[in-house]
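Peer 1: missing the sequence, but the structure's below:
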């Protein structure tokens, strides 16, 4: 953060020197007329207009990026809920499978016991 401040101060000093050197008036031609302005005001006005235009484009990109992030976050939340539902279903199916395996092994053991009794 300090480097930004130092660079900003150096830039401000350079601009101040530039402004004192360029005070001559220059003609500005509009579509409907002509005016004479100091060169430094023309340059600063152009820079200010450029900053405003760049700021508008940047804000537009920031807002569109935020909307995109919100949309993706909603999709992620839906996907996470589906994944959780599927995990719960897998756990339930494993429990059901284990119960069926226990019932089957219990029936087989009973069948084997009956076969042993009938052979005797």
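Peer 2: Done, it's in. These numbers come from a predicted model, not from an experiment. Residues are numbered from 1 along each chain as shown.
Peer 1: Assign residue 28 to helix, strand or coil.
Peer 2: The three-state assignment at residue 28 reads strand, by DSSP: H, G, I helix; E, B strand; the rest coil.
Peer 1: Residue 35 too?
Peer 2: strand.
Peer 1: Name the nearest residue to it, ignoring sequence neighbours.
Peer 2: Distances taken as Cβ to Cβ, 6 or more residues apart in numbering place residue 28 nearest to residue 35, at 5.1 Å, with adjacent residues excluded. Where you see a C-beta, it was placed from the backbone N, CA and C, and this is true even at glycine.
Peer 1: from memory that neighbour sits against residue 42, does it?
Peer 2: Yes: because the distance of 6.4 Å satisfies Cβ atoms under 8 Å, residue 28 is recorded as touching residue 42.
Peer 1: before we move on, the earlier item: can you report how many residues lie near the residue nearest to residue 35?
Peer 2: 13 (other Cβ atoms under 10 Å).
Peer 1: where's it relative to residue 37, distance?
Peer 2: Distance, residue 28 to residue 37, using Cβ to Cβ, to the nearest Å: 5 Å.
Peer 1: Please apply the same query to residue 79.
Peer 2: 59 Å.
Peer 1: who has more neighbours, the two?
Peer 2: Looking at residue 79 and residue 37 with other Cβ under 10 Å, you find the greater number of neighbours at residue 37, namely 13 against 10.
Peer 1: and the gap between residue 38 and residue 19?
Peer 2: For residue 38, the distance to residue 19 - Cβ to Cβ - is 9 Å.
Peer 1: got it, and residue 56?
Peer 2: For residue 56, the distance to residue 19 - Cβ to Cβ - is 26 Å.
Peer 1: what does residue 13 give?
Peer 2: 11 Å.
Peer 1: Which one's more surrounded, these two?
Peer 2: Per other Cβ under 10 Å, whichever of residue 13 and residue 19 has more neighbours is residue 19, with 15 against 10.
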